[in-house]
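Chemist: Pasting the sequence and the predicted model now:
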Amino acid sequence: MLSIKNLHASVEGKEILKGINLEIKAGEVHAIMGPNGSGKSTLAQVLAGNDAFEVTSGSVTMHGEDLLEKATEERARDGVFLAFQYPVEIPGVSNLQFMRTSVNAMRHHRGESEMNAAEFMKMAREISKQVDLDPAFLKRGVNEGFSGGEKKRNEIMQALMLQPKLAILDETDSGLDIDALKVVSDGVNALRAEDRAILMVTHYQRLLDHIVPDFVHVLAEGKIVKSGGRELALELEERGYAWLGIKDDETAASSAN
Amino acid sequence: MTTANKEVNELIKREYEHGFVTDIEVDTFEPGLNEDVITRLSEIKKEPQFMLEWRLKAYRRWLEMEEPDWAHLGYERIDYNDISYYSAPKRKEDMPQSLDEVDPELLRTYERLGIPLHEHAKLAGVAVDAVFDSVSVATTFKEPLAKAGVIFCSISEAVRDYPELVQKYLGTVVPHTDNFFAGLNAAVFSDGTFVYVPKGVRCPMELSTYFRINAANTGQFERTLIIADEGSYVSYLEGCTAPMRDENQLHAAVVELIALDDAEIKYSTVQNWYPGDENGKGGIYNFVTKRAACIGKNSKVSWTQVETGSAITWKYPSCILRGEGSVGEFYSVALTHNYQQADTGTKMIHLGKNTTSTIISKGISAGKSSNVYRGLVKFGPRAEGARNFTECDSLLIGDQCGAHTFPYIESLNKSAIVEHEATTSKVSDEQMFLCRQRGIDMERAVSMIVNGFCKDVFKELPMEFAVEAGKLLEVSLEGSVG
Ligand SMILES: Nc1ncnc2c1ncn2[C@@H]1O[C@H](COP(=O)(O)OP(=O)(O)OP(=O)(O)O)[C@@H](O)[C@H]1O
Ligand SMILES: [Mg+2]
């Protein structure tokens, strides 16, 4: 479903991704791990089409179509979803209005009619319960004054509303307490589906206890240096990144908790 | 330049929707201003003698006045002898007695502008006074209003039919000596709206005036006078548009509001005069003096304005809070793009005890525009216990525009309390990316972000117009990204 070939990308003239190769099939869950600054978020942003990053070579196709030539919003409408590592605030625009605009933009693209306010409200309430966010959050400005954990749950909520084809989750598990981690992983598991692929960036193997990935990849200095199954994450936890020949400072320490 | 900025700059290229010209036979004065012109104007309007004398006195004084240059605005000096001071659709003999007699071409014009003048049409429930260039062409719902005792008519009619009221109040809030443009207006004002709400009456419907400039090289000098007698309430809205023309046109209006004891006036403006093209050519020069006198105790005036049009806006709707416990409010959204310049704000003059005022100003600048908030909060020596709250927020779209705030505070009373908050923010690349990542196109995204920014002001607008204002903002922003 998603095929990344020899992808190079840079930001402000500095090369960050240095030849990524990755094949993801529908129904699979892939975890990406790796030290801080190795390019995990960059990969996520490049896939979503953030033009702050320049793709210098390589290709990405989704369902056989060239993803890179499409604008961000077109990719989104084709089913690419990114849960941000640092969700941004939009003051004064209610979460509800934002999500409704988003859902209707997607529906419009599929040639479906807009969802009316009542229908939408019903769906939004149900899903907000699913991620354990008080429906009062729907009326607040997008991420406005949300705590770190609330922002992450809000991202998962949006994924559940939009039912994407490819869900890219950038450290959606970071900064969550134990209960929230459970809620978020339940949400991600609810997203698992035959026709959907999930690519999740994480530092913590403990997330992978809840969401069992089909593949684990280690990204270091802009390249995937090792791929394996679930057991690779356990090994990383025990041994850090050093045995892979990766310069590793904080990450080994932080992932060993 | 970052990506979102590039996008946003593009979004602002957009055709002005109301730019058409109505082809209609008109009577227009030759350009030029002198006592003869004023006398002729007064004659055409069949004004009583006092009115002509009032005009001439203002004119003589105006000749000695200087055009102000303190505002943060740049424009070529206006030659006041190059302007025509009267233009009106030709009509058979007298004023049309009913809507059926109004020229169909005019009715179509207002239809196109979304202001159908048929009482059964879309704006049922809102009474409209339609002013076309120098004259009022129709006023709707006069009868039901009259039944409630509300006078709602053109100011020209009021001068003829209610001379006592006009003479008692005209120029009491904005005297002709007030400023250059107010002086000019007093001399040559053409038409506008007059409202009188009697004691204890809650006006049964929204009142509105729709101003349309059509003729070329003509100034529009309307004058509006609203009097809310004791314990009454009225909500009034004005809208404005003009054709697209390469020359700048002058609009110098005066609005006076008078609120007696326990009366409340809510005055909303959606100003969408032609802003000029993307190179800054053409557009309306909007030099307006709007002021309210809260004479009565516990009276209240709120100004809500959404300013998206005009090449230049120079406008400070103000409140003189004389009555004890009177309240003044100013809610403003001013959006500028391309080469538009806005210098707008308010003055809250606290004279009476326990008077309060609230100022919420949202300035949005895009393109190469300049957007200035200028506000004065003044407390007189007798303003015991008076307070003001001011919030001024600026939102920048792109990186070639400017936003400035000049808040002035003068206090002659130690007990007065002022709170002031100000913020400046940008539509960020990250916000744009988030929206687009959720499938929302750039134009929608910008307008959604801007609407969110303006929320506190929009909620003050009458329901019917809050939606319109949101849409207008969307239209005005089109072309600012892409
Ligand atoms: N906009 C930018 N401008 C300059 N450098 C950037 C920018 N975005 C990312 N980088 C750099 O690119 C490198 C990779 O960053 P990225 O965010 O992809 O790392 P990451 O693997 O997600 O790290 P973390 O685990 O800390 O989230 C870092 O060195 C970072 O400083
Ligand atoms: Mg990251």
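Modeler: That came in fine, so what should we check first? Ligands and ions are numbered 1, 2, ... in the order given.
Chemist: Tell me which residue of chain A lies closest to ligand 2.
Modeler: Here the residue of chain A nearest ligand 2 is A:Ser41; by C-beta to the ion that distance is 3.1 Å. To be clear about C-beta, it is placed using only N, CA and C from the backbone, and glycine gets the same treatment.
Chemist: Is that residue in contact with A:Leu82, as I believe?
Modeler: No - the criterion here is C-beta atoms under 8 Å, and A:Ser41 misses it with A:Leu82 at 9.7 Å.
Chemist: hey, what's in contact with both of those two?
Modeler: Here A:Ser41 and A:Leu82 have A:Asp170 as joint contacts, going by C-beta atoms under 8 Å, 6 or more residues apart in numbering or on different chains.
Chemist: who's more crowded, these two?
Modeler: Each of A:Ser41 and A:Leu82 has its neighbours counted (other C-beta atoms under 10 Å in any protein chain shown); A:Leu82 has more, 29 against 22.
Chemist: which stretches of the stretch 201-350 of chain B form strands?
Modeler: B:206-212, B:223-228, B:233-241, B:248-251, B:254-259, B:264-271, B:283-294, B:300-307, B:312-315, B:318-321, B:327-336, B:341-350 (DSSP state E, counting those that start in this stretch).
Chemist: Save the ones you listed as CSV, and put in mean neighbour count and mean pLDDT too.
Modeler: Shown next, in CSV, are these (neighbours: other C-beta atoms under 10 Å in any protein chain shown; pLDDT from 0 to 100):
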stretch, mean neighbour count, mean pLDDT
strand B:206-212, 24, 77
strand B:223-228, 26, 94
strand B:233-241, 23, 81
strand B:248-251, 22, 74
strand B:254-259, 27, 96
strand B:264-271, 23, 88
strand B:283-294, 26, 88
strand B:300-307, 26, 90
strand B:312-315, 26, 82
strand B:318-321, 28, 96
strand B:327-336, 26, 90
strand B:341-350, 26, 89
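Chemist: Any chance of a markdown table for those strands, columns distance to B:Gly200?
Modeler: Formatted as a markdown table, the strands of the stretch 201-350 of chain B follow (distance: least, C-beta to C-beta, whole Å):
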| stretch | distance to B:Gly200 |
| --- | --- |
| strand B:206-212 | 18 |
| strand B:223-228 | 11 |
| strand B:233-241 | 10 |
| strand B:248-251 | 35 |
| strand B:254-259 | 14 |
| strand B:264-271 | 12 |
| strand B:283-294 | 18 |
| strand B:300-307 | 16 |
| strand B:312-315 | 32 |
| strand B:318-321 | 22 |
| strand B:327-336 | 19 |
| strand B:341-350 | 27 |
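Chemist: nearest to ligand 1, of the ones you listed?
Modeler: strand B:327-336 (29.9 Å; C-beta to the nearest ligand atom).
Chemist: name the helices or strands packed onto the closest one?
Modeler: strand B:283-294, strand B:300-307, strand B:318-321, strand B:341-350, strand B:356-365, strand B:370-379, helix B:442-458, helix B:463-477 (3 or more C-beta pairs under 8 Å, 6 or more residues apart in numbering or on different chains; DSSP states H and E).
Chemist: Now find how far off-centre the fourth one is within its chain.
Modeler: Right, the one you point to is strand B:341-350. 12 Å (C-alpha atoms, centre = their mean, to the nearest Å).
Chemist: The shortest one too?
Modeler: The chain centre lies 16 Å from the centre of strand B:318-321; the measure is C-alpha atoms, centre = their mean.
Chemist: Can you tell me the strand partners of it and which way each runs?
Modeler: strand B:283-294 (parallel), strand B:341-350 (parallel) (DSSP bridges).
Chemist: Distance check, the residue of the stretch 351-482 of chain B found nearest chain A against ligand 2.
Modeler: Closest approach of the stretch 351-482 of chain B to chain A (C-beta to the nearest C-beta) occurs at B:Gly452, with a separation of 3.1 Å. Plainly put, B:Gly452 is 27 Å away from ligand 2 if you go by C-beta to the ion, to the nearest Å.
Chemist: what's near enough to touch that residue?
Modeler: So B:Gly452 contacts A:Ile90, A:Pro91, A:Gly92, A:Val93, A:Ser94, A:Gly141 (C-beta under 8 Å, 6+ apart).
Chemist: for those residues, which one is nearest B:Val288?
Modeler: A:Gly92 (27.9 Å; C-beta to C-beta).
Chemist: hang on, isn't that closest one packed against A:Arg140?
Modeler: No - if you go by C-beta under 8 Å, A:Gly92 and A:Arg140 don't touch, sitting 10.2 Å apart.
Chemist: So for these two, which sits in the more crowded spot?
Modeler: Neighbours were tallied for A:Gly92 and for A:Arg140 using other C-beta under 10 Å; the higher tally belongs to A:Gly92 (21 against 18).
Chemist: How about the contacts made by the more buried one?
Modeler: A:Gly141, A:Glu144, B:Asn451, B:Gly452, B:Phe453, B:Cys454, B:Lys455, B:Asp456.
Chemist: ok, now with 10 Å
Modeler: A:141-142, A:144, B:362, B:393, B:448-456, B:458 (C-beta atoms under 10 Å, 6 or more residues apart in numbering or on different chains).
Chemist: from those, which is closest to ligand 1?
Modeler: Out of those, the member with the shortest distance to ligand 1 (by C-beta to the nearest ligand atom) is B:Ile449, at 20.9 Å.
Chemist: helix or strand for B:Glu157, which one?
Modeler: helix B:155-161 (DSSP states H and E).
Chemist: which secondary structure elements does that helix contact?
Modeler: helix B:49-62, strand B:126-132, strand B:135-139, strand B:151-154, helix B:163-169, strand B:193-197, strand B:223-228 (3 or more C-beta pairs under 10 Å, 6 or more residues apart in numbering or on different chains; DSSP states H and E).
Chemist: Show residues contacting that helix.
Modeler: B:42, B:44-48, B:50-51, B:54, B:95, B:129, B:131, B:134-136, B:139, B:151-154, B:165-167, B:170, B:189-196, B:222-225.
Chemist: which one of the helices and strands packed on helix B:155-161 lies closest to A:Phe215?
Modeler: Of these, nearest to A:Phe215 by C-beta to C-beta is strand B:126-132, at 63.6 Å.
Chemist: Quick one: mean pLDDT for that closest one?
Modeler: Strand B:126-132 comes out with an average pLDDT of 67.
Chemist: can you put the helices and strands packed on strand B:327-336 in TSV and add distance to B:Pro204?
Modeler: Listed next are these as TSV, based on distance: least, C-beta to C-beta, whole Å:
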stretch	distance to B:Pro204
strand B:283-294	22
strand B:300-307	19
strand B:318-321	25
strand B:341-350	29
strand B:356-365	27
strand B:370-379	34
helix B:442-458	25
helix B:463-477	15
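Chemist: Find the closest residue to ligand 1 in the stretch 301-450 of chain B.
Modeler: B:Asp429 (9.6 Å).
Chemist: ok, stretch A:56-68 near chain B or not?
Modeler: No - applying C-beta under 10 Å from any C-beta of the partner chain, one finds stretch A:56-68 out of contact with chain B, separated by at least 13.5 Å.
Chemist: Identify the residues contacting that stretch?
Modeler: Against stretch A:56-68 from outside (C-beta under 10 Å, 6+ apart): A:1-10, A:15, A:17-22, A:24, A:26, A:46-49, A:55, A:69-70, A:74-75, A:78-80, A:165-166, A:197.
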